[in-house]
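Q: Fold the following.
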Amino acid sequence: MGWVRIDDSFYDHPKHLAVSLAADGLWVTLLAWSNRNLTDGFIPTAQLRRFGHHRAKGLVGELARQGLVRVEDDGVRIHDFLEYQPPAAEIRARREQISSKRAAAGRQGGKQTASKRAAKLQPQSQPQPQPQSRVAASLAERLSTGCGFELPKCEKTIEKLRNEGIGELVLDEAIGMCIQRQPDSLGYFVKVARDWYQQRTGA
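A: Okay, the predicted model is just below:
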């Protein structure tokens, strides 16, 4: 799911005060459509027809007279779109980066699963407990690889949570949640880990 950036006081701007509520609604719709379809503020005439071109034409006229859109031969272009919204090239690059991180995390998870299966085939061999520092390093590496956070910060965060008594299983599950959600900061991971620890221990 993507998001479009709109100033929460846009309705008080003189240009928007000069147009009808319906025209403002169309303007927001055009913003959302362009952002989702990565057209950098351009909406083709064919798409305007889908929005009800017989009425949209008059609303576009309102927007154009106030400089909110510019009418072109084959559609309309939203004024200053790229001043407030990220360009299509940046969004594509970001999506590709996230996809690569998830693929890497998936490969790492596959290796761990294969290792566990191999261990089950040798029940007579008792696995040796991993030293705490190596456990923390493994968890931190997975968190860093899966979410794109700096490895040293991940190591410090993991060690801090372990010192709070939060075990490896809870931390591993919290990392999996972060890989799915792709949060902007380690704060989300810390909150998830602490919340799950409290739910399971009643602490």
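Q: domain assignment for the protein?
A: The chain breaks down into these domains under automatic domain parsing: 10-84, 88-122+129-201.
Q: Find the nearest non-adjacent residue to the residue most central in space within the chain, please.
A: For the chain, the residue nearest the mean C-alpha position is residue 182 (5.8 Å; Cα atoms, centre = their mean). With sequence-adjacent residues excluded and distances taken as Cβ to Cβ, 6 or more residues apart in numbering, residue 182 is closest to residue 98, at 5.8 Å. C-beta: built from backbone N, CA, C; applies to glycine.
Q: circling back: quick one: the residue nearest to the centre of the chain and residue 200, what's the gap?
A: 25 Å (Cβ to Cβ, to the nearest Å).
Q: Equivalent analysis for residue 24, please.
A: For residue 24 relative to residue 200 (Cβ to Cβ), the value is 49 Å.
Q: do residue 139 as well
A: Relative to residue 200, and taking Cβ to Cβ, residue 139 is found at 17 Å.
Q: any chance you could map the helices in the chain?
A: Shown for the chain, the helices assigned by DSSP state H span residues 14-17, 21-37, 45-50, 53-65, 81-84, 88-120, 132-147, 151-163, 168-181, 186-201.
Q: can you tell me which of the ones you listed comes nearest to residue 72?
A: For those, the distance to residue 72 is smallest for helix 45-50, at 9.0 Å, taking Cβ to Cβ.
Q: distance between that closest one and the chain's centre?
A: Distance, stretch centre to chain centre, for helix 45-50: 29 Å (Cα atoms, centre = their mean, to the nearest Å).
Q: buried residues in that helix?
A: Within helix 45-50, the residues that count as buried by 16 or more other Cβ atoms under 10 Å are 45, 47-48.
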